[in-house]
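Okay, predicted coordinates and the sequence, questions at the end:
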Amino acid sequence: MMTPWLHFSGEDYFLFKTWQPRSNGAIAGACIALVAFCILERWIAALRRQWEIYWGSRARALIMRDQRFPSDGQHVGDTAADAIDHDKIEETSASYRAASEAVHSRPRSLPPFIPMHDIPRGILHGVQVLFSYTLMLVIMTFNASYVISIVLGLAIGEVLFGRIGRLYGGRV
């Protein structure tokens, strides 16, 4: 039976019916695992923010290139270190060029759909949602030691990774 108020007692189910920490050591181990899980969640959030900045700059570069060279295949900023697959971008940008040539009256308000950006972004978001719902389920046990561990882990993770991918004074 679930205790519907904050408590420190054991015997709460920890995500699965077979995970039921009963001893103080088992509860402490679950709390340590929760702190590590929360730090990992904040790292994934920072990773996603950093990739969003990169994908946004690549999408802006693609839009600028298409505005400068709408009909020829020149690539602005091609270098040997540029790891972009220009053939895939060219396929994506061909449909973008056709749409932008049809509407000249206003600039593009949305970046183009780029599968090599948008699919990994969707996967990262899905992982973040999975972590968030997992933490929500643990919170719903009303075990105060789990709640404290989650808050502590998220705070530590934010201290470690919160500055990554954030804008400070207009710069990353």
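Now that the structure is in, tell me what you want to look at.

Report the secondary structure element holding Glu11.
Using DSSP states H and E, Glu11 falls within no helix or strand.

Where does pLDDT dip in the protein?
Within the chain, the ranges that satisfy pLDDT under 70 run 1-2, 70-109, 169-172.

can you count the residues close to Ile27?
By other Cβ atoms under 10 Å, 21 other residues sit near Ile27. (Each C-beta comes from the backbone N, C-alpha and C, glycine too.)

wait, what's in contact with it?
By Cβ atoms under 8 Å, 6 or more residues apart in numbering, the residues touching Ile27 are Gly10, Pro21, Asn143, Ser145.

Enumerate every residue touching the residue nearest the centre of the chain.
Closest residue to the average C-alpha location of the chain: Arg48 at 3.5 Å, with Cα atoms, centre = their mean. By Cβ under 8 Å, 6+ apart, the contact set of Arg48 is Arg121, Leu124, His125, Gln128, Gly165.

Tell me which of these fall in helices.
Mapping these onto helices (DSSP state H) picks out Arg121, Leu124, His125, Gln128.

Against Arg48, how distant is the last one?
Right, Gln128. Computed as Cβ to Cβ, to the nearest Å, the Gln128 to Arg48 distance reads 7 Å.

close enough to count as contact, Gln50 and Arg163?
No: using Cβ atoms under 8 Å as the test, Gln50 is too far from Arg163 to be in contact (10.8 Å).

Of these two, which one has the most company?
Shown here are Gln50 and Arg163; by other Cβ under 10 Å, Gln50 has more neighbours (15 against 12).

For Arg121, see how far away the more buried one is.
Relative to Arg121, and taking Cβ to Cβ, Gln50 is found at 12 Å.

With that, I have no additional questions.
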